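Asker: when you get a sec, could you give me coordinates for this:
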Amino acid sequence: MLYKNLLASILWLLMLVSFSQAESPKKVLLLGQKRDHPPKSHEYMAGLHVLEKALQGIPGLETHVYNADEPWPEGPELLRDADAIVLSLGEASRWEQIDAKRYEALKALAARGGAIVGIHWAIGGKDAKYIPGHLALMGGCHGGPDRKYVMTETDVKVADRNHPILRGVGDMRLNDEFYYRLKFAKEGTVTPLLQAVIDGQPETVAWSFERPDGGRSFAFGCMHYHELWRRTDCRRLIVQGLLWTLKMPIPEEGVAVDVAEEDLQLK
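Answerer: Alright, predicted model coming up:
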């Protein structure tokens, strides 16, 4: 079994190297903000630095971490050159649309098939007026005055075992802040990936979205606590969500997403 897994990993790396040599590296922007909650929660920038470490060693990616706090004047220009964005910030639906130039750059990214990933509070916002625009980009939204969330420990089950994003990812039990009763796009294809048992019923907390423009998005509503970045399954899910949105191959056994202990520490 070890030999088989090693061989599969080598073949996957060869595929990625071939993929990366055939094209220029994919420019991935990891976009965060200052923490807006008590320490150890909503540690947006710290989480993105863990993700950056987990992405090291994957051929064909060029990653850049940016603090995208307002006013972020360089944002539209950076977005114009990006192949993918990972959003780990507060109220992304509002953040996306509050600056007209930024919003146009985001829509242009989507129109050219760019990859979009959202983590935790980046899957929504408080104001309902931003929901339609966010749904077009992310496929799902925790938004508006009727949005629901709960702090709890619960089982999180795999909803689609055949989806490439979930390779090497199994059922989990997570203690986190869960957003639920989400709103989903009517156009395009939304595929639930993980569902949490909340109030006795399954609620989608991670999904993939094949957008009408031909591009892809992925979202994971968990990761409220920085501690969850210690979990291999959570890191793997997010890394593979990014690779899927970029239409890059994912090995059958899942991507190795090892990081050093020092990378997980809050500074």
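
Asker: could you use CA atoms for every contact and neighbour count after this?
Answerer: Will do.

Asker: please enumerate the strands of this protein.
Answerer: Using DSSP state E, the strands found in the chain span residues 26-32, 61-67, 84-88, 115-119, 124-125, 140-143, 148-158, 172-180, 183-184, 189-198, 201-210, 216-220.

Asker: who wins for proximity to Leu78 among those?
Answerer: Between Leu78 and the strands of the chain, the shortest separation by CA to CA is 8.3 Å, and it involves strand 26-32.

Asker: would you map the helices across the protein?
Answerer: In order along the chain, the chain carries the following helices (DSSP state H): 2-22, 44-55, 75-80, 92-97, 100-111, 131-138, 232-245, 261-264.

Asker: so what touches stretch 220-232?
Answerer: Taking CA atoms under 8 Å, 6 or more residues apart in numbering as the criterion, the residues outside stretch 220-232 that touch it are 40-43, 46-47, 50, 118-123, 176-179, 205-207, 234-235, 238, 257-258, 264.

Asker: among those residues, name the buried ones.
Answerer: Taking 16 or more other CA atoms under 10 Å as the criterion, what is buried in these is 41-43, 46-47, 50, 118-123, 176-179, 205-207, 234-235, 238, 257-258, 264.

Asker: quick revisit: would you turn the helices of the chain into CSV with mean pLDDT?
Answerer: What follows is the helices of the chain, written out as CSV (pLDDT from 0 to 100):
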stretch, mean pLDDT
helix 2-22, 56
helix 44-55, 98
helix 75-80, 98
helix 92-97, 98
helix 100-111, 98
helix 131-138, 98
helix 232-245, 98
helix 261-264, 96
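
Asker: dump these to CSV, plus distance to Ser217.
Answerer: Output for these, formatted as CSV (distance: least, CA to CA, whole Å):
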stretch, distance to Ser217
helix 2-22, 20
helix 44-55, 17
helix 75-80, 16
helix 92-97, 14
helix 100-111, 9
helix 131-138, 6
helix 232-245, 6
helix 261-264, 26
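
Asker: so which of those is nearest Thr152?
Answerer: Thr152 lies closest to helix 232-245 among the helices of the chain, at 17.0 Å (CA to CA).

Asker: quick one: the closest one to strand 216-220, angle?
Answerer: Direction vectors for helix 232-245 and strand 216-220, defined by axes from the mean of the first three to the mean of the last three CA atoms, to 10 degrees, enclose an angle of 160 degrees.

Asker: isn't Thr245 up against Ile116?
Answerer: Yes. In this structure, Thr245 sits in contact with Ile116. The criterion is CA atoms under 8 Å, and the distance is 6.8 Å.

Asker: looking at these two now, which is surrounded by more residues?
Answerer: Here Thr245 and Ile116 are set side by side on neighbour count (other CA atoms under 10 Å), and the busier one is Ile116, at 27 against 24.

Asker: neighbours of Lys267, how many?
Answerer: 6.

Asker: anything in contact with each of Thr245 and Ile116?
Answerer: Common neighbours of Thr245 and Ile116 (criterion: CA under 8 Å, 6+ apart): Arg216, Ser217, Phe218.

Asker: residues in contact with Asp263?
Answerer: Taking CA under 8 Å, 6+ apart as the definition of contact, the neighbours of Asp263 are His49, Val50, Lys53.

Asker: repeat that with 10 Å
Answerer: For Asp263, the set of contacting residues under the criterion of CA atoms under 10 Å, 6 or more residues apart in numbering consists of Ala46, Gly47, His49, Val50, Leu51, Glu52, Lys53, Ala54, Trp229, Arg230.
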